[in-house]
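S.K.: Model the following, please.
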Amino acid sequence: KIEEDSTVSLLSTGTLLSCDPDRIVCKRIVLSGHPCKIHKRAAVIRYLFHNREDIAYFKPVQVRTKHGRRGHIKEALGTHGHCKITFDKPIQQSDTVLLPLYKRVFPKWHFEYF
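M.R.: Predicted coordinates for the structure are as follows:
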């Protein structure tokens, strides 16, 4: 940083991994929902999505629970984002269903010419 009296001061310190603009930076987002009805290996999950279009879009993605159960979205129920998911083993009512998503983030480039 250049001060008014033309002295230079240090703003921060650190290391640089790479200044390659082709480096991929990902942001991780985890959607979570709760089971409202459980029948053997199938469960109705709420609060994971908000509408039918989201359920149809994420249908091929595998979901998991906090206790390690894996499952697949089978169908949408109603118009408020409830969905039916089939798991590999029965889940508990106190379990949380997670859907991890990754989004590519492009770094911001600031050019300052002196």
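S.K.: so what's the residue nearest the centre of the chain bridging to?
M.R.: Central residue of the chain (C-alpha atoms, centre = their mean): I29, 2.0 Å from the mean position. Assessed by DSSP bridges, I29 has beta-bridge partners L101.
S.K.: The one 10 residues further on too?
M.R.: Taking DSSP bridges as the rule, H39 bridges to A42.
S.K.: State the distance from it to F58.
M.R.: Distance of H39 to F58, given as C-beta to C-beta, to the nearest Å: 22 Å. (C-beta placed from N, C-alpha, C; glycine too.)
S.K.: So for the two, which sits in the more crowded spot?
M.R.: F58 (16 against 9; other C-beta atoms under 10 Å).
S.K.: Please determine how far the more buried one is located from H50.
M.R.: Relative to H50, and taking C-beta to C-beta, F58 is found at 12 Å.
S.K.: Let me know how buried L31 is, in neighbour terms.
M.R.: 16.
S.K.: element containing it?
M.R.: strand 25-39 (DSSP states H and E).
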